[in-house]
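> Prediction below, plus the sequence it came from.
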Amino acid sequence: MPAPQTLPRGESPALGHVNLMVDTFIANASVEDLRSITRTLLATGPPGTLPAFIVASRSRLNQTNAKALPNSRRFFHESSDTTFAPTSYLAESLARARSLYGAGMGFASLEILASVVRASVGELINAPAVVDADISQAIQSYRVDVLRAALTESLRDVQEWGGEFQFERASASLQYWKF
C-alpha cells in the first residue's frame, strides 16, 4: 500500500492524467456523445463538479484566446437581392461568443457581439434575430458575473472582520445554478 501523499501548505494537487482508454474514447467519440455525457456528469455529479467544469472552461477559453476580436469584414457577403447574407465566419464568431457567455464570461462575449452589430450598421442583414438573442444572453451572463463578484467580495470582507455573511442563500444559489 503506497504512503499517503501530503502537499505543502497552500498548494493544491495537480490534475491527474486521463486514463489511456478514456482518452481513446474522448478522441473518437462523436460530438453529440460527448455533449450528452458532459450534460449527464454536470447534472448528476457531486456538487463541486459544475464549478470545476466552469473553471476548466474559462481556463481553456483564456488559453485559446477566445476573447480576441474577429475580423468583422468577413461576417457578411452581398447576396443577389442587395441584402447581406451571413458567412460561416459569422457562425464561428457567434459560436465563440456563446462559449464565452456560456462559461460566464459575458463581458468578453459582448465585445465580439458588438463587432457583429457594428458590421451590420447600415446594411440589411439576414441574421438580426439570432444576434439579438445572443446579446440578451451575454448581458444576462455578465450580470450574473457581476453579482457573483460582489457576493465573493462581500464574503471576503465579512471573513476578514469575523462577521456573519448575510447573503448565504444568494451565494449558494449562484454556485449551483446551471447557466
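Now that the structure is in, tell me what you want to look at.

> Can you pull out the low-pLDDT segments for this protein?
Counting by pLDDT under 70, the chain contains low-confidence ranges at 1-18, 80-82, 121-128, 174-179.

> Show the residue spans covered by the helices in it.
20-28, 31-44, 49-63, 88-102, 106-120, 128-161, 168-176 (DSSP state H).

> Columns distance to Phe75 and mean neighbour count on top of those helices, output as CSV?
For glycine as for every other residue, the C-beta is placed from the backbone atoms N, C-alpha and C. CSV is the format used below for those (distance: least, C-beta to C-beta, whole Å; neighbours: other C-beta atoms under 10 Å):
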stretch, distance to Phe75, mean neighbour count
helix 20-28, 32, 10
helix 31-44, 24, 11
helix 49-63, 21, 14
helix 88-102, 4, 18
helix 106-120, 5, 20
helix 128-161, 10, 14
helix 168-176, 34, 13
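
> so what's Glu78 up against?
With contacts defined as C-beta atoms under 8 Å, 6 or more residues apart in numbering, the neighbours of Glu78 are Phe84, Ala85.

> Chain neighbours aside, what residue packs nearest to the residue minimising distance to the centre of the chain?
By C-alpha atoms, centre = their mean, the chain has its centre lying nearest to Ala103, at 1.5 Å. Excluding the flanking residues, the one nearest Ala103 by C-beta to C-beta, 6 or more residues apart in numbering is Ser57, at 4.1 Å.

> Next up, the contacts around the one you found.
Counting by C-beta under 8 Å, 6+ apart, Ser57 has contacts Ser99, Gly102, Ala103.

> Redo those residues as a markdown table? Include distance to Glu160.
Shown next, in a markdown table, are the contacts of Ser57 (distance: C-beta to C-beta, whole Å):
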| residue | distance to Glu160 |
| --- | --- |
| Ser99 | 35 |
| Gly102 | 33 |
| Ala103 | 29 |
